[in-house]
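[1] sequence-free structure coming up:
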Ligand code: UDP
């Protein structure tokens, strides 16, 4: 049995990773400080004996008293609304938190997967974005706190690989959606679904002609797991290459919720990327991975999740 430590394990992607590795029979140590994650995301994992939760902020030093085979570093606010509300915490977890997580990986001789992001490409001038593109990021804009933190984290992770020989992998994660996103997460899909279910207008920013390529969570965690099992020590794009405009996404959600909601066009946020689509050829070739879930099916599953959101199960002892 392998031991996998997941920082941000009570977050959206982190909690799905915990579940995937527990189902594979591995031991999972989940670290989270609940800044944007929640206990509800992991309370159903209590039934696994090999699951441990540690309430901890990875920006502080931590020692673990057992072997660890892999560290998946997923702690960070990830929604633009969250990281602009939590700019210092975002910069700290990307820098100090990544340093601590790498230090722990080095002491345990563990493999390391960094949750990086398509935001390292900023408002891209190359489309679709291959891993070789260096990006177009405004370091002092409102998104800079996240983009630069992740760019620093990539540089730090590769320095540990080059200098200390650590087995480092970098997942450049493109827009991902699904159950366990918070209702107030602020990103387009949870916003649109909840607005549509409540019969409120869908807040489309700008003209809605900007594009995104969205990937269902079940596909994403399989990509991350394939990356962990690979011997790659370079950035890999993970995402669904199925590109659509934000307006098309809003219209699809109105249709799939059978909602009478209208569209309310609002100002486009500063530095909002105009296009985004992963070039996934590397992942397809080197990881033999490709998203399988159709966007409509993933949206329907997410609608179901938000419909059935109910009060949390009782807390378990931390
Ligand atoms: N967006 C929108 N309405 C919302 C939330 C987001 O139109 O209520 C737009 C946002 O401006 C961006 C796209 O949807 O163009 C995706 O935004 P999201 O916050 O999901 O993530 P991003 O891809 O910008 O990191």
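    Everything's here; your move. Just so we're clear, the structure is a prediction, and the values are computed from it rather than from any experiment.
[2] switch to C-alpha atoms for all contacts and neighbour counts from now on
    Noted.
[3] Residue 289 belongs to a helix?
    No: counting by DSSP: H, G, I helix; E, B strand; the rest coil, one finds residue 289 to be coil, located in no helix.
[4] For it, give me the pLDDT.
    Listed pLDDT for residue 289 reads 98.
[5] Residue 36 contacts residue 77, doesn't it?
    Yes: if you go by Cα atoms under 8 Å, residue 36 and residue 77 touch, sitting 6.2 Å apart.
[6] Those two: which is more packed in?
    residue 77 (25 against 21; other Cα atoms under 10 Å).
[7] Surely that one is in contact with residue 92?
    No: here residue 77 does not reach residue 92: they are 10.8 Å apart, not a contact under Cα under 8 Å.
[8] Residue 282 sits in which helix or strand?
    Element membership for residue 282, per DSSP states H and E: helix 281-287.
[9] for the helix or strand following that helix, packing partners?
    Moving toward the C-terminus from helix 281-287, the next helix or strand (DSSP H and E) is helix 295-308. Helices and strands touching helix 295-308, by 3 or more Cα pairs under 8 Å, 6 or more residues apart in numbering; DSSP states H and E, are helix 188-197, strand 215-216, helix 246-256.
[10] Relative to residue 237, which of these is closest?
    strand 215-216 (11.9 Å; Cα to Cα).
[11] The closest one near the ligand at all?
    No: Strand 215-216 stays out of contact with the ligand when judged by Cα under 6 Å from any ligand atom, the minimum separation being 11.5 Å.
[12] what about that strand, average pLDDT?
    Averaging pLDDT along strand 215-216 yields 98.
[13] hmm, the very next helix or strand once past it in reach of the ligand?
    Of the helices and strands lying after strand 215-216 in sequence (DSSP H and E), the nearest is helix 217-229. No: figure legend: helix 217-229 not in contact with the ligand (Cα under 6 Å from any ligand atom); closest approach 14.0 Å.
[14] Buried ones in helix 217-229, by neighbour count?
    Buried residues in helix 217-229, counted by 16 or more other Cα atoms under 10 Å: 217-228.
[15] could you list every residue that touches residue 116?
    By Cα atoms under 8 Å, 6 or more residues apart in numbering, the residues touching residue 116 are 150-151, 153-154, 170-173.
[16] Can you show me the strands along the protein?
    3-7, 27-32, 51-55, 70-73, 111-117, 168-173, 176-177, 202-205, 211-213, 215-216, 235-238, 243-245, 263-266 (DSSP state E).
[17] what would these look like in CSV with distance to residue 87?
    Formatted as CSV, those follow (distance: least, Cα to Cα, whole Å):
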stretch, distance to residue 87
strand 3-7, 19
strand 27-32, 18
strand 51-55, 21
strand 70-73, 19
strand 111-117, 16
strand 168-173, 20
strand 176-177, 21
strand 202-205, 22
strand 211-213, 23
strand 215-216, 26
strand 235-238, 24
strand 243-245, 28
strand 263-266, 23
